[in-house]
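Enquirer: sharing a model prediction with you, sequence too.
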Amino acid sequence: MTFATCLNCIDGRVQLPAINWITENYNVKYVDMITKAGMDGFLAAENSDIHEILKNVEVSISGHGSKNIFVVGHYDCAANPVDDLTHKNQINTAVKQIKNLFPDLNVIGLWITENFVVENISEK
Ligand SMILES: [Zn+2]
């Protein structure tokens, strides 16, 4: 039993695409999903209090042995209505930030398109 950790939006349209892509492309069976409306923008913003999110990540790592943390942004995000390029910049910023906090883990940024295609846009 292997687990990955996913920091995703609350949007119901992007849960299964993220889970399916991660389990198909990484050697994991389960995805611990940590959600926040507009997660990519929230993580990228300098003034966000991400303490609660990090507590959840720690449980996934220490309790489930996760070695891969995914940061997801998606098209048509109601909580973070910025253009696609801004989303991707936010995802990259969030990936760097999470990698700094968890340097021993693999951190991957995912973008989910309007057709719910999942794209790996950064990996650290
Ligand atoms: Zn969203």
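Expert: Sure thing, it's come through. Computed from a predicted model, the values in this text were never measured in an experiment.
Enquirer: quick one, what contacts residue 8?
Expert: 14, 15, 18, 33, 34, 35, 39, 70, 72 (CB atoms under 8 Å, 6 or more residues apart in numbering). Just so you know, the C-beta spots here come from the backbone N, C-alpha and C atoms, and that holds for glycine as well.
Enquirer: ok, it to residue 104 distance?
Expert: 22 Å (CB to CB, to the nearest Å).
Enquirer: report the beta-bridge partners for the residue nearest to residue 59 when sequence neighbours are not counted.
Expert: Spatial nearest neighbour of residue 59, chain neighbours left out: residue 32 (7.8 Å); criterion: CB to CB, 6 or more residues apart in numbering. Assessed by DSSP bridges, residue 32 has beta-bridge partners residue 5.
Enquirer: for the spatially most central residue of the chain, give me its contacts.
Expert: Nearest to the mean C-alpha position of the chain, by CA atoms, centre = their mean, lies residue 71 at 1.8 Å. Counting by CB under 8 Å, 6+ apart, residue 71 makes contact with 7, 39, 40, 43, 91, 94, 95, 98, 107, 108, 109, 110.
Enquirer: which one of those residues is nearest to residue 56?
Expert: Nearest to residue 56 among those: residue 7, at 8.7 Å, using CB to CB.
Enquirer: element containing that closest one?
Expert: strand 3-8 (DSSP states H and E).
Enquirer: that strand and the ion, are they touching?
Expert: No: under the criterion of CB under 5 Å from the ion, strand 3-8 makes no contact with the ion; the nearest approach is 8.4 Å.
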